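Asks: What shape does this take:
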Amino acid sequence: MLPKNNRLNLKKDFKWVAAGKKLESKYLKLFIRTGENEKPRIGIALSGKNFKKAVDRNRARRVTSQAFQSIYSSLPGTINIVALPKAGVLEVKSEDLLKELEEIFRNK
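Replies: This next block holds a predicted model:
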């Protein structure tokens, strides 16, 4: 898991980023917005609607967090990201999700 100062923590921050650019992939929906922060900040939001069991929500959050942790150093410093994992993320390994994230940010 990313350190607390590298994460989005407040509801107003999540809403601010969600008003930005939206990217959608097979396993994730991403909201991206640049700000005045010095380091990239990432938030992961899950809903009980998509993931009924707490075990599933925790696994989706863990897999997504591991993938972002791997690419964190290559992200631009002023970027803020809110990631919404889709139900299909439970069937993949973090390496597959990492490849998808790398492709998204390479094309961005």
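Asks: Contacts for the helix or strand where R59 lies next, please.
Replies: Using DSSP states H and E, R59 falls within helix 54-71. Counting by C-beta atoms under 8 Å, 6 or more residues apart in numbering, helix 54-71 makes contact with 1-2, 28, 42, 44, 46, 48, 51, 81, 83, 85, 89-90, 92-94, 97-98, 100-102, 105, all of which sit outside it. (Each C-beta comes from the backbone N, C-alpha and C, glycine too.)
Asks: Which of the residues you listed fall within helices?
Replies: Among the contacts of helix 54-71, the residues falling in helices (DSSP state H) are 94, 97-98, 100-102, 105.
Asks: Would you write a PyMOL line that selects the buried entries of those residues?
Replies: In PyMOL, this line selects whichever of those come out buried by 16 or more other C-beta atoms under 10 Å:
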select buried, resi 94+97+98+100+101+105
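Asks: Nearest to N9 among the ones in helices among the contacts of helix 54-71?
Replies: L101 (21.3 Å; C-beta to C-beta).
Asks: Could I get the pLDDT score of that closest one?
Replies: Looking at L101, its pLDDT stands at 92.
Asks: Dig out what the residue nearest to the spatial centre of the chain forms beta bridges with.
Replies: Centroid-nearest residue in the chain: A83, 3.0 Å away (criterion: C-alpha atoms, centre = their mean). A83 has the following beta-bridge partners by DSSP bridges: L30, I44.
Asks: dump the residue contacts of it.
Replies: By C-beta under 8 Å, 6+ apart, the contact set of A83 is 28-30, 42-45, 64, 68.
Asks: By neighbours, which of those residues wins?
Replies: Counting neighbours by other C-beta atoms under 10 Å, F68 leads these with 25 neighbours.
Asks: Next one: that one from K49, what distance?
Replies: With the distance defined as C-beta to C-beta, to the nearest Å, F68 ends up 22 Å from K49.
Asks: Repeat that for A87.
Replies: In terms of C-beta to C-beta, A87 sits 10 Å off from K49.
Asks: Then K15?
Replies: Distance, K15 to K49, using C-beta to C-beta: 18 Å.
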